[in-house]
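[1] One predicted model, sequence on top.
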Amino acid sequence: MTQTIGKSFRDIFSKEVLLFVLKVTLISLAITFALLWGVKDSLNAFIVSYLSWIPWEWLQTTGASVASIALSYMVFIVMISIVTSFMIEPLLIKLAKKHYPEVKVVGTPNISTSLILSLKSAIIMFTIFMFTFPVMFIPLVGAVYMLWLWSILLKNPTIYDVSSLFIEEKSEIKGKTKKSTMLAMIAAGFNYIPIINIFSAVFAQILFLHYILGKEA
């Protein structure tokens, strides 16, 4: 695990990865802005209505503000994850050839499957968040809760993207991704750091690449 994380950190600061992240970020920002601009009033009204069960008005107002910001932030993170999944293939192949020249590319991710997995993971994450988000206000527990939520967004789409490229026997995938939740939570930790959060999705992809193809898998 230590070697996997070390290799991933070295890769993420390479020129090709930095340029990739810049492109993904700009595209994701544009999509997020367009989506939220059209539904911001409805979204705020829904959150306020949802929090009407709270007996204290000041807590309703504070909770609504925090939930609106958190939800907008999540939309941005979701967009980064989806756009990364669409664009990551050439970068993963290049990094695989650099570190594991003996490994062959045996397939390619299906765009429809990749999109469905990303949207499904996003829906599951949003649904859980909307019904459990007060947990985020609990010290320490809230921090782990958010890491776990973000890991839901990253895990399955990333496993699919990486394994589709390099694993021919699908029966091998489960054995090579037995620590997938932990890896996804490590990558999700980037979301706690402003600006660095834009690296979370690509770091997850690179992390899984090294874990699946490296000796630690």
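    In hand now; what should we look at? Treat the numbers as computed from the prediction; the structure is a model and nothing was measured.
[2] Every contact and neighbour count from this point should use C-alpha atoms.
    Will do.
[3] list the buried ones in stretch 134-148?
    135-136, 144-148 (16 or more other C-alpha atoms under 10 Å).
[4] Pretty sure Ser85 sits against Ile159.
    No. Judged on C-alpha atoms under 8 Å, Ser85 makes no contact with Ile159 at a distance of 10.6 Å.
[5] Who has more neighbours out of those two?
    A direct count of neighbours by other C-alpha atoms under 10 Å for Ser85 and Ile159 places Ser85 higher, at 25 against 21.
[6] who are the neighbours in contact with Phe190?
    By C-alpha atoms under 8 Å, 6 or more residues apart in numbering, Phe190 lies in contact with 196-200.
[7] Of these, which is the nearest to Ile123?
    Nearest to Ile123, judged by C-alpha to C-alpha, of the contacts of Phe190 is Ser200 at 18.7 Å.
[8] where do the strands sit along this structure?
    In order along the chain, the chain carries no strands (DSSP state E).
[9] So in it, where's the weakest helix or strand by average pLDDT?
    helix 173-176 (a mean of 70; mean pLDDT, DSSP states H and E).
[10] What's the PyMOL syntax to select whichever of the contacts of Phe190 are buried?
    Selection command for PyMOL covering only the buried members of these, criterion 16+ other C-alpha under 10 Å:
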select buried, resi 197+198+199+200
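[11] Can I get the contacts of Phe190 in a markdown table including pLDDT and distance to Ile5?
    Supplementary listing: the contacts of Phe190 in a markdown table, determined by pLDDT from 0 to 100; distance: C-alpha to C-alpha, whole Å:
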| residue | pLDDT | distance to Ile5 |
| --- | --- | --- |
| Ile196 | 84 | 16 |
| Asn197 | 83 | 17 |
| Ile198 | 89 | 18 |
| Phe199 | 91 | 14 |
| Ser200 | 90 | 13 |
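[12] quick one: which of the contacts of Phe190 sit in helices?
    If you go by DSSP state H, the contacts of Phe190 have Ser200 in helices.
[13] Find me the pLDDT at the most centrally placed residue in the chain, would you?
    Nearest to the mean C-alpha position of the chain, counting by C-alpha atoms, centre = their mean, stands Leu154 at 3.6 Å. Model confidence at Leu154, given as pLDDT, is 89.
[14] I figured it hits Ile82, correct?
    No. Judged on C-alpha under 8 Å, Leu154 makes no contact with Ile82 at a distance of 9.4 Å.
[15] Check the gap between Lys155 and Met185 for me.
    According to C-alpha to C-alpha, to the nearest Å, Lys155 stands 9 Å off from Met185.
[16] One more: Pro134?
    Pro134 is 20 Å from Met185, by C-alpha to C-alpha.
[17] got it, and Phe9?
    According to C-alpha to C-alpha, Phe9 and Met185 sit 15 Å apart.
[18] Over to Leu92?
    The gap separating Leu92 from Met185 is 20 Å, by C-alpha to C-alpha.
[19] what does Tyr100 give?
    Tyr100 is 25 Å from Met185, by C-alpha to C-alpha.
[20] higher neighbour count, these two?
    Shown here are Tyr100 and Met185; by other C-alpha under 10 Å, Met185 has more neighbours (22 against 14).
[21] nearest residue to that one other than its sequence neighbours?
    Among residues not flanking Met185 along the chain, Ser151 sits closest, at 5.0 Å (C-alpha to C-alpha, 6 or more residues apart in numbering).
[22] Fine by me, thanks again.
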